[in-house]
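Chemist: let's see this in three dimensions:
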Amino acid sequence: MDKNGFIDRKIISKIKAFLNYKEAILIYGARQAGKTTIIKILIEQLKNEGQPQDSIFYFDLEDLDFLNIFNQGVESVKNYVSARTGYKGRIYLFVDEIQYLENASNFIKLLVDNYSEKFKLVASGSSVIGIKSKIRQSLVGRVVTFEVFGLDFEEFLWFKNKKINLKEANDLKSEKELKELFIEFAIYGFYPRIAQILKIDEKKYYLKELIQAYVKKDIKDIGRIRNIIKFNNFLRILADQAGSLVNIDSLSLDVGIARETVYDYLMLLENTYIIALLKPYFKNLKSELIKMPKIYFLDNGVLNYLKYNDIVEKISGDIFENIIFSELGKSFGYESIKFWRTQAKNEVDFIVEVGNKLYAIEAKRSYAGENLRDLNNYSSKYPEAEKIVITLNKKISSKKDINVIYPWEIGNYIKK
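Modeler: Numbers count the residues shown, from 1 in each chain. Purely as a prediction, here's the structure:
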């Protein structure tokens, strides 16, 4: 924690490396994932490194006065800033909630093309569906993008002020403490504020309020959803199916909505960082299932609440599988993760490709060394894959050619 009370995030150093480039920096992520805090940390670091106060401007576009200035265009912002500083060097514009801007992509394009020597833009957005769709077009070469997800487990320890080196935590005392902390992490999720709240009742209250405000209301407004009841039922059904194949026809029938609406809802939830759709891994088109993705939630606390309409303080198999998906995604990139399933219904939870290495991973809440037929079937087809079982209750340290590890040991066994 620095002198301003901010706790570091791993992504900050990656963003900071681009502060002196001409391209705009665009930070995506769910509400409350820590984007505003990241911006404030970057501002404080610039000041600590000698950047003058009057060369740094912060705008929150939830403020209607600021939003009006930005909606009038780049010249309006330029005039506003010029009237408030005589600084002759490069000025940093930090803009929160840029999704409220009427034509954000056009604003970014004009600013970078015409004023990149004078202004450096760092913007964040909770819902960037419109901007993301245009990055491949008008914003190519004009933006550097970063996605902010919830805390990973190591960052969670930082927020809990736990000084535990995960690479060296192999004694029984550390193992017991880490297991307790990981259970808390799995139950209440990855939001930074949740990690800092000490009382269980207050954690539950904050999480419920967050879901009511941002999942059931804010996302509804972004997607212009008319039938709130059906949308909320859709969310509950998705939570019940976490870790399962997405069946469009079944969802359409169960919720009572058209198939096209199911696709729209899924796209909306994926683009607002509530869910992720995991693609299948295949090489043999005839025998390996290649169409339907699996669904996971990007926050375990959100999944827990939607699944039970409460915060249930236990880790079910699907809750555990979901958090392993999340930890793998935050460590190695969600695009590097797939699952394997054949027409004969052999299935492996996660296939991770990192560099030139292939990993076949099973998430088991408890594992006592039983035979894993599907993992062995995958290995027979892809013998180059390293087999890993990730478990919270490890009753065997290894099993022939299978590494059995705790969730916090992922980085020791899977190398970037």
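
Chemist: use CA for all of it now, contacts and neighbours both
Modeler: Will do.

Chemist: and the closest residue to Asp54 other than its chain neighbours, how many neighbours?
Modeler: The shortest distance from Asp54 to any non-neighbouring residue, by C-alpha to C-alpha, 6 or more residues apart in numbering, is to Thr85 (5.9 Å). Neighbour count for Thr85, taken as other C-alpha atoms under 10 Å: 14.

Chemist: phi, psi of Gly189?
Modeler: Backbone torsions of Gly189, given as degrees, to the nearest 10, read phi 90, psi -170.

Chemist: separation between it and Ala33?
Modeler: Here Gly189 is placed at a distance of 11 Å from Ala33 (C-alpha to C-alpha, to the nearest Å).

Chemist: the more surrounded of these two?
Modeler: Per other C-alpha under 10 Å, whichever of Gly189 and Ala33 has more neighbours is Gly189, with 26 against 21.

Chemist: where do the helices sit along the stretch 151-300 of the chain?
Modeler: With DSSP state H, counting those that start in this stretch applied, the stretch 151-300 of the chain shows helices at 153-159, 172-188, 192-196, 200-210, 219-222, 228-240, 248-255, 259-271, 300-308, listed in chain order.

Chemist: how about Ala276, what does it touch?
Modeler: Listed by C-alpha atoms under 8 Å, 6 or more residues apart in numbering, the contact partners of Ala276 are 270, 295-298.

Chemist: hmm, I typed the wrong one, I wanted Lys387.
Modeler: Neighbour list for Lys387: 359-361, 375, 379, 401-403 [criterion: C-alpha under 8 Å, 6+ apart].

Chemist: run a quick neighbour tally on the nearest residue to Ala363 once chain neighbours are set aside.
Modeler: The shortest distance from Ala363 to any non-neighbouring residue, by C-alpha to C-alpha, 6+ apart, is to Ile390 (5.0 Å). By other C-alpha under 10 Å, 24 other residues sit near Ile390.

Chemist: how is Ile390 assigned, secondary-structure-wise?
Modeler: Following DSSP: H, G, I helix; E, B strand; the rest coil, we place Ile390 in the strand state.

Chemist: for it, give the beta-bridge partners.
Modeler: Note on Ile390: beta-bridge partners by DSSP bridges are Ala363, Ile405.

Chemist: my guess is it contacts Val404. True?
Modeler: Yes: applying C-alpha atoms under 8 Å, one finds Ile390 in contact with Val404, separated by 6.0 Å.

Chemist: center of the protein, which residue is that?
Modeler: Nearest to the mean C-alpha position of the chain, by C-alpha atoms, centre = their mean, lies Phe149 at 3.0 Å.

Chemist: contacting residues for that one?
Modeler: By C-alpha under 8 Å, 6+ apart, Phe149 lies in contact with 29-30, 33, 298, 330.

Chemist: quick check: phi and psi at it.
Modeler: Dihedral angles of Phe149 (phi, psi; degrees, to the nearest 10) stand at phi -110, psi 180.

Chemist: any idea how far it is from Val246?
Modeler: Relative to Val246, and taking C-alpha to C-alpha, Phe149 is found at 23 Å.

Chemist: for Pro407, same thing?
Modeler: 26 Å.

Chemist: on that earlier part again, any idea which of the contacts of Phe149 is closest to Ile396?
Modeler: For those, the closest approach to Ile396 (C-alpha to C-alpha) belongs to Lys330, at 26.8 Å.

Chemist: which strand or helix spans the residue lying farthest from the centre of the chain?
Modeler: Using C-alpha atoms, centre = their mean, the residue of the chain lying farthest from its centre is Gly86. It sits 39.5 Å away. Element membership of Gly86, judged by DSSP states H and E, is empty: it is in no helix or strand.

Chemist: now it, nearest residue through space, not along the chain?
Modeler: Nearest residue to Gly86, sequence neighbours excluded (C-alpha to C-alpha, 6+ apart): Asp54, at 7.9 Å.

Chemist: likewise for Tyr28?
Modeler: Using C-alpha to C-alpha, 6+ apart, the nearest residue to Tyr28 is Glu147, at 4.7 Å.

Chemist: so what strands line up beside the helix or strand harbouring the one you found?
Modeler: In this assignment (DSSP H and E), Glu147 forms part of strand 143-148. Strand 143-148 pairs in its sheet with strand 24-29 (parallel), by DSSP bridges.

Chemist: could you give the angle of the partner strand to helix 259-271?
Modeler: Using axes from the mean of the first three to the mean of the last three C-alpha atoms, to 10 degrees, the direction of strand 24-29 lies 110 degrees away from that of helix 259-271.

Chemist: could I get strand 24-29 in CSV with only the CA atoms?
Modeler: The C-alpha trace of strand 24-29 is given here as CSV (Å, rounded to 0.1, in the frame of the first residue of the first chain):
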residue,chain,number,x,y,z
ALA,A,24,-4.6,6.6,-26.6
ILE,A,25,-4.8,4.1,-23.8
LEU,A,26,-8.2,2.5,-23.4
ILE,A,27,-8.9,0.5,-20.2
TYR,A,28,-11.9,-1.9,-20.3
GLY,A,29,-13.5,-3.8,-17.4
